[in-house]
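In: Generate a structure from the sequence data that follows.
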Amino acid sequence: MSAARPIRVVLAKVGLDGHDVGVNLIAKALTNGGFEVVYLGKRVPTDDIVAAAVAEDADVIGVSCLSGGLGYFATGLIGKLRARDVLDIPVIAGGIDEPDEISRMLDAGVYRYFGPGSATEDVVAAFAAAGNDGKGA
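Out: Now for the predicted structure:
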């Protein structure tokens with residue numbers, strides 16, 4: 001009997017944000033936790049994130065933006081996943097935005113949101129839950 005493959009995560013920075021310390025920390029924590037991580041880098045268009053997630057057979061997508069606009073990009077990403085009929089890859093978002101935008105992206109289908117100062121263990125646990133949740137909600 002073969003062991004199940006690790007949870008595969010695609011991570012990307014969206015928007016104009018160039019601050020990647022946090023996403024790199026999460027990538028390292030996920031890798032140390034046994035996840036397979038594909039980091040796409042900074043300023044990645046949502047179309048490219050969707051294409052990579054499909055090509056990589058991702059279980060979870062993580063997007064980060066600290067310069068504002070996280071809700072806009074995460075909501076757009078959810079819409080593009082739906083447009084391609086990719087409904088089984090949950091999206092976890094991290095960064096900064098206005099409370100109304102955070103609510104809007106969660107209402108649109110973002111699996112979880114984490115702001116600055118969130119415990120790394122909580123973020124890793126959310127990726128595990130998303131990846132083991134029948135590929136999300």
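
In: C-alpha from now on. contacts and neighbour counts both.
Out: OK.

In: Identify the residue nearest the geometric centre of this structure.
Out: residue 62 (1.2 Å; Cα atoms, centre = their mean).

In: What are the neighbouring residues in contact with that one?
Out: The neighbours of residue 62, taking Cα atoms under 8 Å, 6 or more residues apart in numbering as the test, are 9-12, 91-94.

In: Would you list the phi and psi of residue 56?
Out: phi -90, psi 0 (degrees, to the nearest 10).

In: where do the strands sit along this structure?
Out: 8-13, 36-39, 60-65, 91-95, 112-114 (DSSP state E).

In: Make CSV from the ones you listed and add distance to residue 19 to it.
Out: Formatted as CSV, the strands of the chain follow (distance: least, Cα to Cα, whole Å):
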stretch, distance to residue 19
strand 8-13, 9
strand 36-39, 14
strand 60-65, 8
strand 91-95, 10
strand 112-114, 16
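
In: Quick one: closest of those strands to residue 51.
Out: Nearest of those to residue 51, taken as Cα to Cα: strand 8-13 at 10.5 Å.

In: Could you list the residues in contact with that closest one?
Out: Against strand 8-13 from outside (Cα under 8 Å, 6+ apart): 20, 23, 27, 35-44, 49, 52-53, 56-65, 131.
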